[in-house]
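Asker: Turn this into a model:
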Amino acid sequence: MRPVSVFVLAAVLALLDVAPSDAQSGAPLKNTVGFGAWPQPAPQLPGPEGLVDHVANGKVVLSLDDSIRLALANNTDIRIDRSQIDFAANSLGRSHSPFDPVATSSFSDTRTKALPTSTLQGAPLVSNLQQITLMGYQQLFPTGTDFQTSFNANKFSTNNSFSIVNPSLSTSIQFTVTQPLLRNFGFFPNRAPILVAQNNLKQARANFTAEVNNIILQVVRDYWSVILTRENLEVQRKS
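Answerer: Residues are numbered from 1 along each chain as shown. The predicted model follows:
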């Protein structure tokens, strides 16, 4: 494609969302006692991203593809719409969190030593050791069914000579299934947040695509308008 000169720069810069700084248009600053203060210098706005790469011999040379890339890279609406897609995707991931399984475990070790208070304790210094292990699992299904299970193991050892079973071990396991019959029953009420998050993600992607298409269409129109203006100027010079 035939490159154009600096005239197409006006078409590209027309799509860049560069707003004037408040420090340039605002009134002079005043302090709390009513005296005027020196205005703060306006911050330096960065130039268009990637424009320097297309400067040759002091002129900006852009093809249609270059103009489209610069417009998309420097447009604020494009960056905002892209961030909306990331936010919607994050919301979709968080909407699945209620159905994530949860596993828990814990272990405790307790040792006690005490002087005997009875001859039946069977030791000059009674030493007991208790170790408790707990494990649990919980998951919520899209139907509203809540499943929970837990395992408990308790080990007890002592230096008591009268203890028949030493160490002793006791275990227990428990299962619990809860199914709502009215509220939160079925797939729809439990998956409604997921469906809403999916639609929001589709909407964010559609907005981003529409914004990109509009910018590309505007750049193409401005580009060929500059080409036509340049050719008409060349014809007028020759005539």
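
Asker: rest of the way, CA atoms for contacts and neighbours
Answerer: Will do.

Asker: I'd like the mean pLDDT over the longest helix along the chain, please.
Answerer: Taking DSSP state H as the criterion, the chain has its longest helix at helix 187-238. For helix 187-238, mean pLDDT rounds to 91.

Asker: same question, stretch 111-127
Answerer: 82.

Asker: Just the CA atoms of it, as PDB, please.
Answerer: Extracted in PDB, the C-alpha atoms of stretch 111-127 (Å, rounded to 0.1, in the frame of the first residue of the first chain):
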ATOM      1  CA  ARG A 111       0.800 -33.900  76.800                       C
ATOM      2  CA  THR A 112       0.000 -33.400  80.400                       C
ATOM      3  CA  LYS A 113       2.000 -34.400  83.500                       C
ATOM      4  CA  ALA A 114       0.600 -34.200  87.100                       C
ATOM      5  CA  LEU A 115       1.200 -35.700  90.500                       C
ATOM      6  CA  PRO A 116      -1.100 -38.600  91.400                       C
ATOM      7  CA  THR A 117      -4.100 -37.900  93.600                       C
ATOM      8  CA  SER A 118      -5.000 -41.600  94.000                       C
ATOM      9  CA  THR A 119      -3.200 -44.900  94.300                       C
ATOM     10  CA  LEU A 120      -5.200 -46.100  91.300                       C
ATOM     11  CA  GLN A 121      -3.400 -43.800  88.900                       C
ATOM     12  CA  GLY A 122      -0.500 -46.300  88.900                       C
ATOM     13  CA  ALA A 123       2.500 -44.000  88.500                       C
ATOM     14  CA  PRO A 124       4.500 -41.600  90.700                       C
ATOM     15  CA  LEU A 125       4.100 -38.900  88.000                       C
ATOM     16  CA  VAL A 126       1.100 -39.400  85.700                       C
ATOM     17  CA  SER A 127       1.900 -38.600  82.100                       C
END
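
Asker: What are the buried residues along that stretch?
Answerer: Across stretch 111-127, burial judged by 16 or more other C-alpha atoms under 10 Å covers 121, 123, 126, 127.

Asker: just stretch 66-77 next, same as before
Answerer: 67, 68, 69, 70, 71, 72, 74, 75, 77.

Asker: what do you get for stretch 84-101?
Answerer: For stretch 84-101, by 16+ other C-alpha under 10 Å, it's 84, 85, 88, 89, 91, 92, 95, 99.

Asker: Good, we can wrap up now.
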